[in-house]
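**Q** What would the 3D arrangement of this be:
(chains A, B, C and D)
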Number of protein chains: 4
Amino acid sequence: MKIKPGMSVDELVSGMEGCGFGARRLAEAVNIYSSMLSGDYTKFFTLSGAMVPAGMRNIISNLILNGHIDVLVTTGANMVHDLIESFSSHRLGDPEAEDVCLRQEGVSRIYDVYVTDEQFVDFEELMQGIFPEGDGPISGTQLLKHIGSQIEDKDSILRAAADRDIPVFCPALSDSMIGLQAWLFRQTRKLNLDALSEVKDIVDICYSARKAGIVIVGGGVPKNFSLQSMLVTPNSFELAIQLTTDHPEPGGLSGATLSEAISWGKISSSARYVTVYGDATINLPLMVTAALSRVEER
Amino acid sequence: MKIKPGMSVDELVSGMEGCGFGARRLAEAVNIYSSMLSGDYTKFFTLSGAMVPAGMRNIISNLILNGHIDVLVTTGANMVHDLIESFSSHRLGDPEAEDVCLRQEGVSRIYDVYVTDEQFVDFEELMQGIFPEGDGPISGTQLLKHIGSQIEDKDSILRAAADRDIPVFCPALSDSMIGLQAWLFRQTRKLNLDALSEVKDIVDICYSARKAGIVIVGGGVPKNFSLQSMLVTPNSFELAIQLTTDHPEPGGLSGATLSEAISWGKISSSARYVTVYGDATINLPLMVTAALSRVEER
Amino acid sequence: MKIKPGMSVDELVSGMEGCGFGARRLAEAVNIYSSMLSGDYTKFFTLSGAMVPAGMRNIISNLILNGHIDVLVTTGANMVHDLIESFSSHRLGDPEAEDVCLRQEGVSRIYDVYVTDEQFVDFEELMQGIFPEGDGPISGTQLLKHIGSQIEDKDSILRAAADRDIPVFCPALSDSMIGLQAWLFRQTRKLNLDALSEVKDIVDICYSARKAGIVIVGGGVPKNFSLQSMLVTPNSFELAIQLTTDHPEPGGLSGATLSEAISWGKISSSARYVTVYGDATINLPLMVTAALSRVEER
Amino acid sequence: MKIKPGMSVDELVSGMEGCGFGARRLAEAVNIYSSMLSGDYTKFFTLSGAMVPAGMRNIISNLILNGHIDVLVTTGANMVHDLIESFSSHRLGDPEAEDVCLRQEGVSRIYDVYVTDEQFVDFEELMQGIFPEGDGPISGTQLLKHIGSQIEDKDSILRAAADRDIPVFCPALSDSMIGLQAWLFRQTRKLNLDALSEVKDIVDICYSARKAGIVIVGGGVPKNFSLQSMLVTPNSFELAIQLTTDHPEPGGLSGATLSEAISWGKISSSARYVTVYGDATINLPLMVTAALSRVEER
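**A** Sure, this is the predicted structure:
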């Protein structure tokens, strides 16, 4: 591989194609993602890890706004921080700060990113004013769409998804500040959050997908929920990309190879797939920039 | 550290106390766990990663039966495999097997553990016969207790928890085969699974805990759900142990230090805590055996 | 962070400055490296891991040719593969190939890169014709310079270093095919390879460096040798960048923080330093491209 | 797997045999190591990472004294700390200590282990009094044997090796405080350290080994040097165990699978081998204790 000053991200990644190890995996990920974006795929995107606090929010909301995500599956925490960002920014901090002192100052730390107690107070106020009161059962996906539609910030992931009518699945919504706020809300008002209807909704999408591709950022519940939903249909993913820091040997799902998912029938035996090991705050912007550069050129 | 043939696990771990790196962390984990087990703590235990397929099931059910777990927070997948184990065993396999062939043979792979399509068929039959039909809202915890009470195998985690009336929280229950089966069940019958009531239940436990300790195996939703529930109470964890393969630098919750949790107020500023980095299929049996050896001696 | 199609590597990395986690570390690495390249620093560069087989060779030789490396410290293996590349290319392969079959076909695997027995035969021929016979003691650095000066391929790292008179230190030269070939050579001819003179040579460079900076790719002997050489002088590194896949907790040097090196006096208490965790086949080209883009603009 | 209070290390590891993931690997490692110790194998043992500072010294020296190591290949740093331990102990410290302060106090940190400037001063005095003056070339192995024979502490690895006439190979000896001290010594006296003779010595051992087994702790130069030496003989390792924190995907030798070594011919196509991923300060004592328990029983 040769590099030169001023070269574009796409040129850099193209140069990695003849390399070994991670570089080769990244180049293949861009090839697969370019195929996914320019082809007739139902495009799943799963987001785990503190990607929004780390600054990846705008990348995701733009992918949605530009029609590059059809189904978003994510953690509650990422949506909480999407909402916090809609009224105030996360602050960069010191990963080696004294945590006892941070607590005294009312600062919660996410590695090297800070959130303040004030932000959580404002978040509470926002949430308590937004939740829809009602008797009838509502799914997490409906709730998130309702919330998104109330957000003014156009960089918001939930707002973008609501605007584009892209479903956001968050199977562990109760495991987040949104869940805690919903529980608070329900102490005085009615909110009937059904845990199963989003299973139906995502399985329906899987059923109707003629061809499907998936980008998995970070594993966890979003990875499993997407893959298991495809599993109960006759279909499977034809294109799959995984960006993770986990490794296969400890046996957890987040580090499981995509090949393993073939044994389950979640991913097609004829699929093109690749895992890029490493920090997604680096590899996601790299991959998306390079793939968009190619797709836009066409 | 000195070793000798025939020495006990407890002796080995005690010898690690003067060592550095992981050995020192493990020795400290055993010290903390011994304090937790012999003290007046509300004992939380979170279980992520494919710990049941890997063979850790009996350790967990025995901890429950012996009164060493007061609250279990886990993934749906671990409970699915607990139920599968109640009627047939997982089989050891080859982590480098050809996954396309495994699919043709009807085998799903979890790293080096195999589950067969027949087992999933039997699991479906079991589930469809067990689910309680009903109009009223039921929480995941209630559902899991109902299921556990119907299981005959005394080694089952769910059975042990039902017998001892220990709540099992599974905030992402829909993200599992149990969730998929519940959705199937509901296509013809009534099942109203409420997503929020378990928030109330675990927060109530956190409120009433005079002193609390936690063992976190593998991060994920179970880790976050336990810690966030404590967060909204005036209390915090006084003792905390984390066994994980993740590292802090990529910023995800699973690898986040317990010190970071102090900045949030989830863990007490005066807490004793330690993270042991490594494969929990090794470190969990080691830690539990050594701690039980000490507690039983007293 | 915002991305747009067609953006340059430098723009991408600049956008990472406001992010958290790895992205922030990478952006800081580029800032430090730009300072190093544009300032009056003695520039150390250490190279471990199979970086040459992975395709990073041209990046290194160009850094040397453009005056951006003053001291190269590396493993014998990287220099072996630099020499092999001078007459034939490494081939990309399958990381999951059946290794028993590869052996039967005469192929040696380096993860997903292949080297053939024929290449090693040619390497032997090359080496046996190149080694300088002589009575007097010769240092590894002198030997590598002699070898480099005999290589025709201008992309060769050793050739570039010889041309620019940049010393290449390889403290574990005997631990490589070069060492094995030297031993073979010595069975019939004279070669007196002194193990200590390169200690003197690198310490002299450390002594005379008014300001020093270091890029550490991958840890190992090259990292330690550079740092320990600075340790015995009154100087220390003022700028330091580390690209590694290792983590601090297991206690090994390769994953040790640069902060730890401050406690030894290897790195200055006032140094600017950063570690980027991840695969150097991705992060090294990224960092170098972005830094060169900035330096060239000035 | 079932555990019970008071159980022995051997019982615990035996119980891991039916488990998945790391537990299964550890159980297999103990099976292989038991075969190696009780069979007619030339037993190689490689030691990388700061294993001596971490407290593993006594385990290694006892393995040597009991005839369980025939060839030791290690890093200079481990031997430096073996010598320091012979006159004063390493101190446990805080991995999050402020490194700038440690420097002011004259403390060098190895993760959570401290060494003081005084210890290094004493080490210098010890070394300068021990080095053998002489014209003739001496190999690193001969030098280490000479040093070991002068050490009084019977727990010393070098002393044990000297007493049992076990060769200690340290191909990067110049990359250590021993190397630095040798260079200092040579400023006023004669010391001709030949870099190639140990290649001959270890290759001769490889040639004459009828059956060979290897335990690899931590990768690095010691791993490569042992494997490459076997490579140039018609033999190969029949039993191989690797304890490492590295993973295969980044392509470095330390994380390379033992299967990969088969493609090179370093390990036999019919070998039994296993890698246990994790912290060797935990897994090494576990494995050795369990294996010795079995071998002694026979």
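**Q** can you give me the strands for the stretch 51-200 of chain A?
**A** If you assign secondary structure with DSSP state E, counting those that start in this stretch, the strands in the stretch 51-200 of chain A sit at A:71-74, A:91-92, A:107-110, A:113-116, A:137-139, A:168-169, A:192-194.
**Q** Would you mind putting the ones you listed into CSV with mean neighbour count and mean pLDDT alongside?
**A** In short, each C-beta sits where N, CA and C put it, glycine included. What follows is those, written out as CSV (neighbours: other CB atoms under 10 Å in any protein chain shown; pLDDT from 0 to 100):
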stretch, mean neighbour count, mean pLDDT
strand A:71-74, 28, 98
strand A:91-92, 13, 96
strand A:107-110, 23, 98
strand A:113-116, 21, 98
strand A:137-139, 20, 95
strand A:168-169, 28, 98
strand A:192-194, 21, 95
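**Q** From B:Glu249, how far off is A:Cys101?
**A** Between A:Cys101 and B:Glu249 the computed distance is 21 Å (CB to CB, to the nearest Å).
**Q** so what's the closest residue to chain C within the stretch 51-200 of chain A up against?
**A** The shortest separation between the stretch 51-200 of chain A and chain C is 3.5 Å, found at A:Gly55 (distances taken as CB to the nearest CB). Neighbouring residues of A:Gly55 by CB atoms under 8 Å, 6 or more residues apart in numbering or on different chains: A:281, C:1, C:16, C:18-20, C:23.
**Q** Report the buried members of the residues you listed.
**A** Buried subset of the contacts of A:Gly55 (neighbour count, 16 or more other CB atoms under 10 Å in any protein chain shown): A:281, C:1, C:16, C:19-20, C:23.
**Q** Of the residues you listed, which belong to helices?
**A** A:281, C:23 (DSSP state H).
**Q** quick one: which of the buried ones among the contacts of A:Gly55 is nearest to chain D?
**A** For the buried ones among the contacts of A:Gly55, the residue nearest chain D by CB to the nearest CB is A:Thr281; the value is 17.8 Å.
**Q** wait, what's in contact with the closest residue to the closest one other than its chain neighbours?
**A** With CB to CB, 6 or more residues apart in numbering or on different chains as the measure, C:Ala23 is the residue that lies nearest to A:Thr281, at 3.7 Å, once sequence neighbours are left out. Contacts for C:Ala23 (CB under 8 Å, 6+ apart) come out as A:54-55, A:279, A:281-282, A:285, C:1, C:16.
**Q** and what of A:Thr275?
**A** Under the criterion of CB under 8 Å, 6+ apart, the contact partners of A:Thr275 comprise A:25, A:241-244, A:257-258.
**Q** do the same with A:Gly18
**A** Residues touching A:Gly18, when contacts are defined by CB under 8 Å, 6+ apart, comprise A:1, A:24, C:55, C:92.
**Q** what ranges do the helices span in chain A?
**A** When assigned using DSSP H, the helices of chain A occupy the ranges A:9-15, A:21-38, A:57-65, A:76-85, A:99-104, A:117-130, A:140-149, A:157-164, A:177-186, A:197-208, A:220-231, A:258-264, A:280-297.
**Q** can I get those helices in TSV with distance to B:Ser139 and mean pLDDT?
**A** TSV is the format used below for the helices of chain A (distance: least, CB to CB, whole Å; pLDDT from 0 to 100):
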stretch	distance to B:Ser139	mean pLDDT
helix A:9-15	48	97
helix A:21-38	39	98
helix A:57-65	32	98
helix A:76-85	17	98
helix A:99-104	32	98
helix A:117-130	21	98
helix A:140-149	15	98
helix A:157-164	26	98
helix A:177-186	12	97
helix A:197-208	16	96
helix A:220-231	18	97
helix A:258-264	29	98
helix A:280-297	34	95
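**Q** which one of the ones you listed lies closest to B:Ile262?
**A** Of all those, helix A:99-104 sits nearest to B:Ile262, with 4.1 Å by CB to CB.
**Q** do that closest one and chain D meet?
**A** No: where contact is defined by CB under 8 Å from any CB of the partner chain, no part of helix A:99-104 touches chain D; the two come within 10.4 Å at best.
**Q** what residues does that helix touch?
**A** When contacts are defined by CB under 8 Å, 6+ apart, helix A:99-104 is touched by residues A:93, A:108-109, A:114, B:259-265, B:269.
**Q** Relative to B:Ser149, which of those is nearest.
**A** Compare each of these with B:Ser149 using CB to CB and the shortest gap goes to B:Ala261, at 34.0 Å.
**Q** rewinding a little: TSV for the helices of chain A, including distance to B:Leu227?
**A** Below are the helices of chain A laid out as TSV (distance: least, CB to CB, whole Å):
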stretch	distance to B:Leu227
helix A:9-15	38
helix A:21-38	32
helix A:57-65	23
helix A:76-85	11
helix A:99-104	13
helix A:117-130	15
helix A:140-149	21
helix A:157-164	24
helix A:177-186	12
helix A:197-208	24
helix A:220-231	16
helix A:258-264	29
helix A:280-297	23
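**Q** ok so, going back, how about JSON lines for the contacts of A:Gly18, with distance to D:Tyr207 added?
**A** Compiled in JSON lines, the contacts of A:Gly18 are given as follows (distance: CB to CB, whole Å):
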{"residue": "A:Met1", "distance to D:Tyr207": "40"}
{"residue": "A:Arg24", "distance to D:Tyr207": "38"}
{"residue": "C:Gly55", "distance to D:Tyr207": "36"}
{"residue": "C:Leu92", "distance to D:Tyr207": "34"}
